[in-house]
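Peer 1: All I have is the shape, not the residue letters:
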């Protein structure tokens, strides 16, 4: 007699569909944002603007898509992640389309900066927060898989943008990217769901009443979380790290061009960051589940600093490619591990809201870092100082985590909420 599997046994755990949807949001949103380096020279040329003023476009967008998590995270906890993710992808598409019609740098600020910035800000924290609730045992792996969309987006989208710019101009390129954001990002966002209990499941597909489900149901309040020593540690660490974390995404291509690298090869360096980032998010996220996410966070911050040291002495395409890959690996690990650390410490009840508040630190760093590096170049015609400052910032960020986590010991709120 053959025993037929039940529907539940035949079905794929829906958490993986949530991961796939979050992956698509990251791929489209951040992939579109990180094409900016490919547009920097055409925009600078057509509008007769300085490198610093053009770099400010990315800084505005970056500030918004991290700062808006302060609002989108709590809204996702209350109303669900799906509507915010869908709205975010629509805003990205509208912003890119509007940028294609810009007639001045100010209009690029408004279209790209506000459209892409607000769009990614609406979608990012709700999407990644939803993933955290669907997993416990494999949370680091699932989170890493979801945010690997950022890495693959960085790998695929800048070369695509470069090809589009060469064939249809930068205005046509923005239109095509906007269509991709609407169709792929908006469509996949419909698969996002906030919590496995709505499907009668617990995290990892377990029965809803087990310990894992209880873990996700409880957790610290937002007030308790942000007043804890560990949250302060994470916030300060992210703030310091992020001053330099996004400088390569804006300035690596022009740096390479300044050192005689052909335009076609220079833009591929962003793809190398994306390849490394994908590997880092995928493998370091899984590794963090085994070696401990605290220690993994310290490791990736240190690795980002060492990669910056390579950039400081790089002068040819192969050395720059080595920097790009190594930096991508550790940057990807940082992005993958951070949300899981928040979930570990503070539980699932308000995870999106807490992540959103944490990411305001990254917003301020993103607003200042890339544009400051551009203005420093305008003054000195060199990127050496911004690169070295970025490396030092990552070391300081790692030391903050070491010192404050060691001090807090087992007194974290997470001990009461796990």
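Peer 2: It's in. Given the structure is predicted, the values throughout are model-derived calculations rather than measurements.
Peer 1: Buried residues, stretch 224-232. List them.
Peer 2: Within stretch 224-232, the residues scored as buried using 16 or more other Cβ atoms under 10 Å are 224, 225, 226, 228, 230, 231. Just so you know, the C-beta spots here come from the backbone N, C-alpha and C atoms, and that holds for glycine as well.
Peer 1: Adding distance to residue 134 and secondary structure, write those residues out as CSV.
Peer 2: What follows is the buried residues of stretch 224-232, written out as CSV (distance: Cβ to Cβ, whole Å; DSSP: H, G, I helix; E, B strand; the rest coil):
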residue, distance to residue 134, secondary structure
224, 23, helix
225, 20, helix
226, 24, helix
228, 25, coil
230, 23, helix
231, 23, helix
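Peer 1: ok, so of these, who is nearest residue 352?
Peer 2: Proximity to residue 352 was ranked across the buried residues of stretch 224-232 by Cβ to Cβ; first place goes to residue 225, at 11.9 Å.
Peer 1: Test my guess that that closest one contacts residue 349.
Peer 2: No. Between residue 225 and residue 349 there is no contact under Cβ atoms under 8 Å: 9.9 Å.
Peer 1: ok so residue 389 is a helix residue?
Peer 2: Yes. According to DSSP: H, G, I helix; E, B strand; the rest coil, the state of residue 389 is that of a helix.
Peer 1: Would you indicate which residues of the strand or helix carrying residue 97 are buried?
Peer 2: Assigned by DSSP states H and E, residue 97 belongs to helix 82-100. Within helix 82-100, the residues that count as buried by 16+ other Cβ under 10 Å are 82, 84-100.
Peer 1: and it, what does it pack onto?
Peer 2: Applying 3 or more Cβ pairs under 8 Å, 6 or more residues apart in numbering; DSSP states H and E, one finds that helix 82-100 contacts helix 15-33, helix 69-79, helix 105-108, helix 115-133, helix 139-180, helix 186-189.
Peer 1: repeat that for 10 Å
Peer 2: Contact here means 3 or more Cβ pairs under 10 Å, 6 or more residues apart in numbering; DSSP states H and E; on that basis helix 82-100 packs against helix 15-33, helix 51-67, helix 69-79, helix 105-108, helix 115-133, helix 139-180, helix 186-189.
Peer 1: Including mean pLDDT and distance to residue 236, could those helices go into JSON lines?
Peer 2: What follows is the helices and strands packed on helix 82-100, written out as JSON lines (pLDDT from 0 to 100; distance: least, Cβ to Cβ, whole Å):
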{"stretch": "helix 15-33", "mean pLDDT": "90", "distance to residue 236": "24"}
{"stretch": "helix 51-67", "mean pLDDT": "77", "distance to residue 236": "15"}
{"stretch": "helix 69-79", "mean pLDDT": "82", "distance to residue 236": "17"}
{"stretch": "helix 105-108", "mean pLDDT": "80", "distance to residue 236": "33"}
{"stretch": "helix 115-133", "mean pLDDT": "86", "distance to residue 236": "20"}
{"stretch": "helix 139-180", "mean pLDDT": "86", "distance to residue 236": "22"}
{"stretch": "helix 186-189", "mean pLDDT": "92", "distance to residue 236": "32"}
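Peer 1: Name the stretch among those helices that sits most buried.
Peer 2: Mean neighbour counts were compared across these using mean count of other Cβ atoms under 10 Å; the top stretch is helix 115-133, at a mean of 30.
Peer 1: what angle separates it from helix 15-33?
Peer 2: On the basis of axes from the mean of the first three to the mean of the last three Cα atoms, to 10 degrees, helix 115-133 is oriented at 160 degrees to helix 15-33.
Peer 1: Give me the nearest residue to residue 76, chain neighbours excluded.
Peer 2: Nearest non-adjacent residue to residue 76, counting by Cβ to Cβ, 6 or more residues apart in numbering: residue 126, 3.5 Å away.
Peer 1: mind checking how far the closest residue to residue 86 other than its chain neighbours is from residue 17?
Peer 2: Leaving aside its chain neighbours, residue 86 sits nearest to residue 189 (4.5 Å; criterion: Cβ to Cβ, 6+ apart). Distance, residue 189 to residue 17, using Cβ to Cβ, to the nearest Å: 12 Å.
Peer 1: try residue 134
Peer 2: Taking Cβ to Cβ as the measure, residue 134 falls 9 Å from residue 17.
Peer 1: so what's in contact with the two at the same time?
Peer 2: Taking Cβ atoms under 10 Å, 6 or more residues apart in numbering as the contact rule, residue 134 and residue 17 both touch residue 193.
Peer 1: so how far is residue 134 from residue 252?
Peer 2: Taken as Cβ to Cβ, the spacing of residue 252 relative to residue 134 amounts to 35 Å.
Peer 1: Compare those two (neighbour count), which wins?
Peer 2: Set residue 252 next to residue 134 and count neighbours by other Cβ atoms under 10 Å: residue 134 wins out with 30 against 24.
Peer 1: from memory residue 97 sits against residue 179, does it?
Peer 2: Yes. Taking contact to mean Cβ atoms under 10 Å, the distance of 8.3 Å between residue 97 and residue 179 places them in contact.
Peer 1: Just confirm residue 103 contacts residue 47, I think it does.
Peer 2: Yes. When contacts are counted by Cβ under 10 Å, residue 103 is listed as touching residue 47 (9.0 Å).
Peer 1: So which helix or strand of the protein has the lowest pLDDT on average?
Peer 2: Averaged element by element with mean pLDDT, DSSP states H and E, the chain has its least confident helix or strand at helix 414-417 (a mean of 41).
Peer 1: shaky segments in the protein?
Peer 2: Applying pLDDT under 70 to the chain flags the ranges 1-10, 51, 205, 208-218, 285, 348, 404-405, 407-418.
Peer 1: List the contacts of residue 86.
Peer 2: When contacts are counted by Cβ under 10 Å, 6+ apart, residue 86 is found next to 25, 122, 123, 185, 186, 187, 188, 189, 190, 192.
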